[in-house]
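S.K.: The sequence isn't on hand, but the structure is:
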C-alpha cells in the first residue's frame, strides 16, 4: 500500500504538508473553475429559467446546503482519524475507522433524505406555488434528497483523499463535476428542458464524481474494503466526540457569517443589509486567496500526531502563518486601497457607500490570517474543543457588537464590530492560547511575519493610495463598467507586484533572495522555499526558542476542504458557482 505510511522525515522536514505546492495549485485551480462556472452559467440559468423558476432553483439549492450540515461534523473527525492511522501504518484500525464512518454517515444520509422529503411536502405551499411549479419543486426536493442520502456517506472517501494529502486528485474530480454540470445545464436549457431535467443532470454528474473518488481511494489504499462486518461500535464514541465539536464550530461559523447581514437588516433596513453583503463579498477576496494554501495544514497536523512528531507542530505553525499571511495580507491591502473604484466598476455607484466597510473588513481579514494556520493545526492535532469554544466567544461578541454598532452607525458600525471581534478574540485570545497549545509563543509566530511585511505594506500602500484616488477612480467614474473593471484589476496587479518585489528585497535574507532568483527559473521546486523563509529566524534560534509540545496536544474548525469545497464533493445547485461545496 504505497500511500499507507508517509516516510519518516528528517529534522525540519515536516514543516510543510506533503505535496504542498501541488495541493495549493490544485486548490487555486478549483477556485478559478468555480468562479468561471458561476460567471458563465448564471446568465444562462437566469435567461432560460426566468425569474420565478430561477428563484426556485436557488431556494432549493440553498435549502439542500443546510441539510448537508447533517453530517454533524464527521467529515473533520474522519480526516483527522484517518490521517493519524495512515501515519501509524495501522491498516486494520484504518479499515475499521473508514467502515464505521461510512455506515454512521449512511444513517445520517437517510435522515437527510427524510428532511428533504418533509421539505418537499411543505415548502412548495409555503412558497405559494401551485400546479406544475409546485409539483416540480416537490420532485426537485426529492431528487436532491436522494443525492444527499448518497453523498453524505460517500464523503468518507473524499475525506480519505484529504487525509492522504491528495487534494490534487480530489480537486480533479470536483473540477470535472463542476465543468460537467455546467455543460449539462447548458445542454438541458438549450434543448428546452426545465428544472427537473436540470436536477437530474446535476445529481447524475455528482454521483459519477462520488464514484470516481471511491475508485481513487481504493487505488491508493488497495487493502481497504467496505463491509457491514467491519463496522465497530466501540469506534462510534471516539469519532462522535470530536465530530460534535466540529459540528459546533461549523454551525457557529455559518451562523456568524450570515448574522451580520441579518442583524443589519433588523436594526437598519433591508437596503443597507444588501449593500453590506456586497461589500463583504468584495472584502473576502483576500481570505479566499489565502484559503487554498492553509487547508492542507489540517490533515498535516493529524499526520504529525499520528507518527509522534508533535514537537514539529510549533515550527509548522510558524511556517503556516508565514504562508497564509504572505498570501492574504497583500490581497487585503489591494482590496482596501481599491475598494471605492472596485465597487463602482463592479456594481455601480449605488453601492459606493460600502467603501468604509470594505476597508475595515479587509483590515480585519488580514489580521485574521495570522491565526488561520495555527487554528487549523490545533484542530487537526486534537484541540477542536478549544477552537469551538473560542468560536462561540467570538460569535457572541460579534453579534452583540453588530447589533449595537449597527443600530448606531449602520454599515460601517457592523464592519467595526467584526474588526473588534477579530482583534479581541482572534489576536487577543486565539493566538496566545492556540500557539501555546502548539508548543510555541505567539510572539515567535507573529512578530517575524509583521517585521517582514512592514516596508512592503507601507510603500505599496502609500503608492497604491495615490494611484487609486487619482487615476483609477477618475477613470472608473468616466468609463463603462468593463473598462473600469479592467483598470481596477490592472492596478491591483501592479500594487501586488510592488509588494512582492519589496517583500523579496527587504523581508528575506541574502541567501533566501538568491534562492528566490533561482526559483524564478524552477518555481515548482524552489520558489516556495524562498517564500516560506520570509520573516524566519535561523534554524538553530527557532529550535531553541520554539519549545516542545508535551505530546498531549488535544479538533472545531471549519471542516477541512469546506472552502472552497467539502471533502465529499456534494452538489449545491445555487446559481452555478457553489456546486460541490
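M.R.: Perfect, I can see it now. The structure displayed is predicted, hence computed values, not measured ones. Numbering: from 1, shown residues only.
S.K.: For the residue lying farthest from the centre of the chain, list the residues it contacts.
M.R.: Each residue of the chain has a distance to the centre, and by C-alpha atoms, centre = their mean the biggest one is for residue 131: 39.9 Å. By C-beta atoms under 8 Å, 6 or more residues apart in numbering, the contact set of residue 131 is empty. From N, CA and C alone the C-beta is placed, and that goes for glycine too.
S.K.: Adjust the sequence numbering to begin at 30 for everything that follows.
M.R.: Sure, I'll start counting at 30 from here, so that last one is residue 160.
S.K.: do you know how far it is from residue 166?
M.R.: Look at residue 160 and residue 166: by C-beta to C-beta, to the nearest Å, they are 11 Å apart.
S.K.: Ok, residue 461 next?
M.R.: Distance, residue 461 to residue 166, by C-beta to C-beta: 50 Å.
S.K.: More neighbours: those two, which one.
M.R.: Regarding residue 461 and residue 166, a neighbour count based on other C-beta atoms under 10 Å identifies residue 166 as having more, with 24 against 16.
S.K.: okay, now the residue nearest to the more buried one when sequence neighbours are not counted: neighbour count?
M.R.: In space, and not counting its chain neighbours, residue 166 is closest to residue 153: 4.5 Å by C-beta to C-beta, 6 or more residues apart in numbering. Here the count is done by other C-beta under 10 Å, and residue 153 has 21 residues near it.
S.K.: Residue 153: helix or strand, and which one exactly?
M.R.: With elements delineated by DSSP states H and E, residue 153 resides in helix 120-155, which encompasses its position.
S.K.: Any idea how far that helix is from the middle of the chain?
M.R.: Distance, stretch centre to chain centre, for helix 120-155: 23 Å (C-alpha atoms, centre = their mean, to the nearest Å).
S.K.: residue contacts, residue 318?
M.R.: Residue 318 neighbours (C-beta under 8 Å, 6+ apart): 356-357, 360.
S.K.: And it, how far from residue 305?
M.R.: With distances taken as C-beta to C-beta, residue 318 is found 21 Å from residue 305.
S.K.: Could you do residue 256 as well?
M.R.: The span separating residue 256 from residue 305 equals 51 Å under the rule C-beta to C-beta.
S.K.: which of the two has more neighbours?
M.R.: The residue with more neighbours, out of residue 256 and residue 305, is residue 305; 28 against 10, by other C-beta under 10 Å.
S.K.: In which helix or strand does the more buried one reside?
M.R.: With secondary structure defined by DSSP H and E, residue 305 is part of helix 299-312.
S.K.: Select the longest helix from the chain.
M.R.: Among the elements of the chain assigned as helix by DSSP state H, the one spanning the most residues is helix 49-96.
S.K.: Show me what it is packed up against.
M.R.: If contacts are counted by 3 or more C-beta pairs under 8 Å, 6 or more residues apart in numbering; DSSP states H and E, helix 49-96 sits against helix 120-155, helix 160-192, helix 196-219, helix 224-249, helix 314-323.
S.K.: Could you give the average pLDDT over the longest one?
M.R.: Confidence over helix 120-155, taken as the mean pLDDT, stands at 86.
S.K.: Stretch 240-258 too?
M.R.: On average, stretch 240-258 scores 87.
S.K.: How about stretch 433-446?
M.R.: Confidence over stretch 433-446 (mean pLDDT, whole number) is 92.
S.K.: picking that back up, tell me the helices and strands packed up against the helix holding residue 153.
M.R.: Packing contacts for helix 120-155, counted by 3+ C-beta pairs under 8 Å, 6+ apart, involve helix 49-96, helix 103-117, helix 160-192, helix 263-296.
S.K.: just so I know, which of these lies nearest residue 527?
M.R.: Go through these one by one with C-beta to C-beta and the one that ends up closest to residue 527 is helix 49-96, at 21.8 Å.
S.K.: quick one: that closest one to helix 224-249, angle?
M.R.: Between helix 49-96 and helix 224-249, the angle comes out at 140 degrees (axes from the mean of the first three to the mean of the last three C-alpha atoms, to 10 degrees).
S.K.: What residue, apart from its backbone neighbours, is nearest residue 164 spatially?
M.R.: In space, not counting the residues next to it along the chain, residue 164 is nearest to residue 153; the distance is 8.0 Å by C-beta to C-beta, 6+ apart.
S.K.: Would you check that the one you found makes contact with residue 169?
M.R.: No: distance between residue 153 and residue 169: 9.6 Å, which falls outside the contact criterion (C-beta atoms under 8 Å).
S.K.: Helices of the stretch 380-529 of the chain, start to end?
M.R.: For the stretch 380-529 of the chain, the helices identified by DSSP state H, counting those that start in this stretch occupy 384-410, 413-438, 440-450, 460-466, 471-496, 502-507, 510-536, in order along the chain.
S.K.: most neighbours per residue, which of those?
M.R.: Across the helices of the stretch 380-529 of the chain, the average number of neighbours (mean count of other C-beta atoms under 10 Å) peaks for helix 384-410, which reaches a mean of 26.
S.K.: State the mean pLDDT of that one.
M.R.: Mean pLDDT, helix 384-410: 92.
S.K.: thinking again about what came up before, from residue 250, how far out is the residue nearest to residue 166?
M.R.: With distances defined as C-beta to C-beta, the gap from residue 153 to residue 250 amounts to 44 Å.
S.K.: cool, and residue 146?
M.R.: According to C-beta to C-beta, residue 146 and residue 250 sit 35 Å apart.
S.K.: more crowded one of the two?
M.R.: In terms of neighbours (other C-beta under 10 Å), residue 250 is the more surrounded of residue 146 and residue 250; the figures are 22 against 15.
S.K.: which residues sit in contact with the residue nearest to residue 164?
M.R.: Applying C-beta under 8 Å, 6+ apart, the residues near residue 153 are 162-164, 166-167.
S.K.: need these in a markdown table with distance to residue 521 and pLDDT, can you?
M.R.: What follows is the contacts of residue 153, written out as a markdown table (distance: C-beta to C-beta, whole Å; pLDDT from 0 to 100):
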| residue | distance to residue 521 | pLDDT |
| --- | --- | --- |
| 162 | 43 | 82 |
| 163 | 47 | 85 |
| 164 | 48 | 86 |
| 166 | 42 | 85 |
| 167 | 46 | 87 |
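S.K.: Nearest to residue 475 among the residues you listed?
M.R.: Proximity of these to residue 475, judged by C-beta to C-beta, is greatest for residue 166, which lies at 50.5 Å.
S.K.: Let me see the contact set for that closest one.
M.R.: Each residue near residue 166 by C-beta under 8 Å, 6+ apart is listed here: 85, 89, 149, 152-153, 156, 158, 224.
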